[in-house]
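# generate coordinates for the sequence data below:
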Amino acid sequence: MQENFYTGSCLCGGIQYEIHGDIGEIVQCHCQRCRKANGAAYAVNAPIRKADFKLIQGEHLFKKFQSTETTQRCFCGACGSPIISIKAETPDFYRLRIGTLDTPLAQKPAMHIFAASKAEWDDICDHLPQYAERPSA
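Sure, this is the predicted structure:
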């Protein structure tokens, strides 16, 4: 069986990474922290196994910010592109920012989470399920 392989990078190209494995369910998160971290109406994230992620260029640019007691947001120190977040409650996984992928991705978003706290100027105009917070697993 052939493993999935993806590449990605930040806006300036200083950080480049590879993923040797699956990309999990894509989620559009509307919480205030994701909006601020991405400068957009929502963040588009998917879980990836920590062991599958490999930084191949730009380790010196890879910065971490402790945004909450349990979450670190990782980004390019040169251009500011968000790359992943690390959550204490899921130590074997990262949350990948899907917009940094360079490899085409066939899968589509599965849901909107934290829709109850979405920006007042944002309208969700698709038919994906919407959850007020994060749904239980």
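# the protein: strands as residue ranges?
5-9, 16-20, 27-29, 43-49, 53-57, 62-68, 71-76, 82-87, 93-97, 111-113 (DSSP state E).
# so which of these comes closest to Ser136?
strand 111-113 (11.5 Å; C-beta to C-beta). In this view, the C-beta of every residue, glycine as well, is placed from N, C-alpha and C.
# what sits against Ile15?
Ser9, Leu55, Gln57, Gly58, Leu61, Phe62, Cys76, Ser81, Ile83 (C-beta atoms under 8 Å, 6 or more residues apart in numbering).
# Ala78 and Gln57, how far apart?
Relative to Gln57, Ala78 is positioned 12 Å away (C-beta to C-beta, to the nearest Å).
# so what sits against both of those two?
Gly14.
# from Pro129, how far out is the closest residue to Lys63 other than its chain neighbours?
Distances taken as C-beta to C-beta, 6 or more residues apart in numbering put Gly77 closest to Lys63, at 4.2 Å, once the chain neighbours are dropped. In this view, Gly77 and Pro129 are 36 Å apart by C-beta to C-beta.
# comparing those two, which residue is more hemmed in?
Gly77 (16 against 11; other C-beta atoms under 10 Å).
# nearest residue to the middle of the chain?
The chain has Arg97 as the residue nearest its centroid, 2.5 Å off, counting by C-alpha atoms, centre = their mean.
# bridging residues for it?
Asn45 (DSSP bridges).
# contacts only, for it.
Contacts of Arg97 by C-beta under 8 Å, 6+ apart are Asn38, Ala43, Val44, Asn45, Ser81, Pro82, Ile83, Ile84, Ser85.
# closest to Phe114 among these?
Ala43 (9.9 Å).
# apart from its chain neighbours, what residue comes closest to that closest one?
Cys34 (3.7 Å).
# contacting residues around the one you found?
Tyr42, Ala43, Asn45, Phe114.
# could you rerun that using 10 Å?
By C-beta atoms under 10 Å, 6 or more residues apart in numbering, the contact list for Cys34 reads 27-28, 40-45, 67, 73, 82, 85, 95, 97, 113-114, 117.
# sweet, I'm off.
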